[in-house]
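Peer 1: only geometry, no sequence info:
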Ligand code: SF4
């Protein structure tokens with residue numbers, strides 16, 4: 001099994017970018033380009049409280065930890081979780097011990113998102129990657145997480161199925177491959193581009209036109 005070194009770790013948040021579009025991931029994580037649009041601004045606004053490390057909430061049944069640092073050497077990813085819910089574990093095998101809170105705890109990652117549940121698995125894949133980091137860090141197993149959506153104000157349970165876990169592994173392997181090659185894939189204009197924050201930087205329509213002109217000129221030249 002591959003184990004990545006510190007210097008090879010990539011940002012966990014990138015897994016949602018590469019699941020959305022490989023070119024978007026490469027523009028952000030290889031070329032360091034970023035642009036805000038309404039969707040990203042709303043997303044950042046939603047995270048403003050969640051991302052405060054001091055912000056811990058507690059009730060009779062659970063403790064919520066905010067901004068927990070995550071790492072997986074097997075996936076080669078590091079990042080920060082929005083929130084981790086700790087609930088008492090009844091198992092003698094599957095639990096973690098927290099230095100500040102006595103007892104045995106089960107961990108459940110929670111990720112906050114603007115909008116509502118999506119048709120594609122972009123949000124699920126990020127959450128599952130967080131769960132896989134926690135499993136590796138604490139040698140526990142986690143079967144689910146929650147996605148909380150700002151628009152519906154409802155949290156959705158996401159089961160960490162083998163299919164989802166395999167998708168996380170495939171996407172993280174792909175990220176490492178592209179990063180090693182330092183290669184940004186060419187644009188491919190699709191419906192998703194309309195909501196992409198990098199549309200103006202990427203210019204997929206312009207690329208398609210230029211490719212058409214180049215093809216035309218090369219065919220003309222050969223004539
Ligand atoms: S505009 Fe389209 S092709 Fe370009 S990065 Fe965004 S989603 Fe990908």
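Peer 2: Perfect, thanks for sending it. All of these numbers come straight from a predicted model, not from anything done at the bench.
Peer 1: where exactly do the helices run in this structure?
Peer 2: Listed in chain order, the helices of the chain (DSSP state H) span 14-20, 22-29, 38-50, 122-138, 162-181, 199-202, 204-222.
Peer 1: Which parts of this structure belong to which domain?
Peer 2: For the chain, the structural domains run 6-185, 187-223, going by automatic domain parsing.
Peer 1: how many other residues sit next to residue 139?
Peer 2: A total of 9 residues lie near residue 139 under the criterion other CB atoms under 10 Å. Where C-beta positions appear, they are placed from N, C-alpha and C, glycine not excepted.
Peer 1: hmm, back to that, least reliable of the helices of the chain going by mean pLDDT?
Peer 2: Among those, helix 38-50 has the lowest mean pLDDT, at a mean of 61.
Peer 1: near the ligand, which residues of this structure?
Peer 2: Neighbours of the ligand within the chain, by CB under 6 Å from any ligand atom: 21, 23-24, 27, 187-188, 192-193, 196, 198-199, 202, 204.
Peer 1: Buried subset of those, written for PyMOL?
Peer 2: A single PyMOL command selects the buried members of the residues of the chain next to the ligand (16 or more other CB atoms under 10 Å):
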select buried, resi 21+23+24+27+187+193+196+198+199+202+204
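Peer 1: quick one: which of the residues of the chain next to the ligand is nearest residue 5?
Peer 2: residue 27 (25.4 Å; CB to CB).
Peer 1: so how far is residue 198 from the closest one?
Peer 2: Separation of residue 27 from residue 198 (CB to CB, to the nearest Å): 5 Å.
Peer 1: which neighbours do these two share?
Peer 2: Here residue 27 and residue 198 share the contacting residues residue 33, scored by CB atoms under 8 Å, 6 or more residues apart in numbering.
Peer 1: State the distance from residue 123 to residue 111.
Peer 2: From residue 123 over to residue 111 the distance is 7 Å, taken as CB to CB.
Peer 1: of the two, who's got more company?
Peer 2: residue 111 (22 against 19).
Peer 1: check contacts around that one.
Peer 2: Taking CB under 8 Å, 6+ apart, we find residue 111 in contact with 81, 82, 83, 123, 126, 127, 130, 145, 146, 147, 148.
Peer 1: Adding distance to residue 105, write the residues you listed out as TSV.
Peer 2: Output for the contacts of residue 111, formatted as TSV (distance: CB to CB, whole Å):
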residue	distance to residue 105
81	15
82	18
83	14
123	25
126	22
127	19
130	16
145	15
146	16
147	21
148	20
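Peer 1: wait, which of the residues you listed is closest to residue 179?
Peer 2: When the contacts of residue 111 are ranked by distance to residue 179 (CB to CB), residue 126 comes first, at 17.6 Å.
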